[in-house]
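Q: Following is a predicted model, sequence given first.
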Amino acid sequence: MPELTVDVISPEKPLFSGKADSVTARAFDGEVGILSGHAPMLTKLGTGQVVITQGASSTRFAIQSGFLEVADNKVVVLSEKAVAVEDAQWVKAEEIAATEKELSETSDPARREELEQRLAWMRACEKLRLDVK
C-alpha cells in the first residue's frame with residue numbers, strides 16, 4: 001500500500017514534510033484518521049493535536065484551528081497556530097488557572113471568545129505534554 005505524503009504548515013513556517021503511514025487530527029467535530037487510499041476530503045480543524053505515524057514512531061503537533069485536506073494520498077494540514085512537541089513551551093497550571101479566573105470574571109463577549117480560544121489552546125498543549133510523558 002502506498003504511503004501518505006504529509007505537510008503541516010503554520011503561518012510562521014512549514015513544520016513537517018514527509019512520508020507517513022497514518023495521520024490523526026482533531027477536526028472541529030471530532031477525531032479524524034487518515035490512511036493511504038482515503039477518499040478526498042476537506043475539513044475544518046479544531047484545537048487539539050495532529051499525530052503523524054510512520055512505523056513505530058510518531059510526530060505530534062499541537063494545533064489551533066485551520067484546515068486539513070486529503071487528496072491522492074497527500075495530506076495537508078494548514079493551521080492558524082501549530083507547534084511541534086519538541087519545540088513546545090509547556091503551559092503552567094498557574095497560567096491555565098489565571099485564564100479560567102479571568103474568563104469567569106469577564107462579561108465582554110469578544111474578550112470571552114478570545115479567552116476561551118486561549119484556554120482551549122492551553123489545554124491542548126497541556127494534554128499533549130501529559131500524553132508525551
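A: Right, received. Where do you want to start?
Q: residue ranges of the strands in this structure, please?
A: Remark: strands assigned in the chain by DSSP state E are 4-9, 14-20, 22-27, 30-35, 41-54, 57-71, 74-84.
Q: can you put these in CSV and add mean pLDDT?
A: Below are the strands of the chain laid out as CSV (pLDDT from 0 to 100):
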stretch, mean pLDDT
strand 4-9, 96
strand 14-20, 94
strand 22-27, 94
strand 30-35, 95
strand 41-54, 91
strand 57-71, 91
strand 74-84, 90
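Q: mind checking which of those is nearest W121?
A: Ranking these by proximity to W121 (Cβ to Cβ) places strand 57-71 first, at 4.9 Å. For glycine as for every other residue, the C-beta is placed from the backbone atoms N, C-alpha and C.
Q: got the buried residues for the closest one?
A: With burial defined by 16 or more other Cβ atoms under 10 Å, the residues of strand 57-71 counted as buried are 59-66, 68, 70.
Q: As CSV, these with distance to M122 would be great.
A: Below are the buried residues of strand 57-71 laid out as CSV (distance: Cβ to Cβ, whole Å):
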residue, distance to M122
T59, 21
R60, 16
F61, 16
A62, 10
I63, 13
Q64, 10
S65, 14
G66, 17
L68, 22
V70, 29
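Q: which among those gets closest to G48?
A: Closest to G48 out of the buried residues of strand 57-71 is I63 (6.5 Å), distances taken as Cβ to Cβ.
Q: list the contacts for that closest one?
A: Contacts for I63 (Cβ atoms under 8 Å, 6 or more residues apart in numbering) come out as 25-26, 45, 47-50, 77, 79, 81-82, 124.
Q: Give the full set of residues in contact with R26.
A: For R26, the contact set (Cβ under 8 Å, 6+ apart) comprises 32, 45-50, 63, 124.
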